[in-house]
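K.L.:
Structure here, sequence nowhere to be found:
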């Protein structure tokens, strides 16, 4: 069989990863940046090879996120400004993106952060406890606050890439690792163009309108937030 004919019978597959969603999933595991990058690399391989009796060719893994913020933000509990660029989370996110760049077939699609809107917010649980009288302001700790910065352009880039790959017939299947319904219009368009649209919410619940406009759900590792210590994190 000629090489061209071989690839024609393969199912060309693109894997698109909503980076903010993935990092939230990784947070409880407390992996190092390199471990988190390796885990995503292996996860993509597992989902690619999970389709029984099919030969899948990986077109590319596209990872969508933003570079971490270096904004100086006022912390209401500590009553002082915090330089986010010197925080451990900045170092982790930077190292994680750098590690992803070294992975074969990975490409970063970076949006921007709305730095001007950056602020520390009190967690919903702490807010509920305060309103119910279970806690007082003096009981609050740094762990009850988290930085809130909205991303700009990430969802748009995902939608544009889905539409572009469908129009150019670059792939036969798109696997989207995400957990919300912002991608419904792009998913509907891709399906009309004959693309097999698969969603992997990594065990997260999804809205009915999203499940209505995809061709299937697939999660290859359940209880993902639990850190594993086997050899599955090693690159192949």
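P.N.:
Good, I have the coordinates. What you see is a predicted model; the values in this text were computed from it and never measured. Numbers count the residues shown, from 1 in each chain.
K.L.:
now residue 111: how far from residue 184?
P.N.:
Distance, residue 111 to residue 184, by Cβ to Cβ, to the nearest Å: 19 Å. Where you see a C-beta, it was placed from the backbone N, CA and C, and this is true even at glycine.
K.L.:
Could you check which of the two has the larger neighbour count?
P.N.:
Higher neighbour count among residue 111 and residue 184: residue 111, with 19 against 16, using other Cβ atoms under 10 Å.
K.L.:
got the residue ranges for the helices in this structure?
P.N.:
Ranges of helices in the chain, per DSSP state H, are 3-8, 19-27, 33-48, 88-101, 124-131, 154-167, 184-192, 208-211.
K.L.:
Including distance to residue 77 and mean pLDDT, could the ones you listed go into JSON lines?
P.N.:
Formatted as JSON lines, these follow (distance: least, Cβ to Cβ, whole Å; pLDDT from 0 to 100):
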{"stretch": "helix 3-8", "distance to residue 77": "57", "mean pLDDT": "49"}
{"stretch": "helix 19-27", "distance to residue 77": "21", "mean pLDDT": "87"}
{"stretch": "helix 33-48", "distance to residue 77": "27", "mean pLDDT": "93"}
{"stretch": "helix 88-101", "distance to residue 77": "17", "mean pLDDT": "95"}
{"stretch": "helix 124-131", "distance to residue 77": "10", "mean pLDDT": "95"}
{"stretch": "helix 154-167", "distance to residue 77": "29", "mean pLDDT": "94"}
{"stretch": "helix 184-192", "distance to residue 77": "39", "mean pLDDT": "91"}
{"stretch": "helix 208-211", "distance to residue 77": "37", "mean pLDDT": "73"}
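K.L.:
Tabulate the ones you listed in CSV, adding columns for distance to residue 74.
P.N.:
CSV is the format used below for these (distance: least, Cβ to Cβ, whole Å):
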stretch, distance to residue 74
helix 3-8, 55
helix 19-27, 23
helix 33-48, 28
helix 88-101, 17
helix 124-131, 18
helix 154-167, 26
helix 184-192, 37
helix 208-211, 37
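K.L.:
Just to check, residue 162 is in contact with residue 187?
P.N.:
Yes. If you go by Cβ atoms under 8 Å, residue 162 and residue 187 touch, sitting 6.9 Å apart.
K.L.:
any residues in contact with both of those two?
P.N.:
Here residue 162 and residue 187 have residue 176 as joint contacts, going by Cβ atoms under 8 Å, 6 or more residues apart in numbering.
K.L.:
Contacts only, for residue 33.
P.N.:
Residue 33 neighbours (Cβ under 8 Å, 6+ apart): 92-93, 95-96, 98-99.
K.L.:
Mind giving me the ChimeraX command for buried ones among those?
P.N.:
Only the buried entries of the contacts of residue 33 go into this ChimeraX selection, using 16 or more other Cβ atoms under 10 Å:
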select :92,93,96,99
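K.L.:
Any idea what residue 175 is bridged to?
P.N.:
Per DSSP bridges, the residues bridged to residue 175 are residue 15, residue 198.
K.L.:
Could you measure from it over to residue 198?
P.N.:
Separation of residue 175 from residue 198 (Cβ to Cβ): 5 Å.
K.L.:
Return every residue with contacts to both of those two.
P.N.:
Common neighbours of residue 175 and residue 198, using Cβ under 8 Å, 6+ apart, are residue 218.
K.L.:
Tell me which of these two has more neighbours.
P.N.:
Between residue 175 and residue 198, counting by other Cβ under 10 Å, residue 175 is the more crowded of the two (24 against 20).
K.L.:
wait, the more buried one sits on residue 200?
P.N.:
Yes. Assessed by Cβ under 8 Å, residue 175 is found in contact with residue 200 at 6.0 Å.
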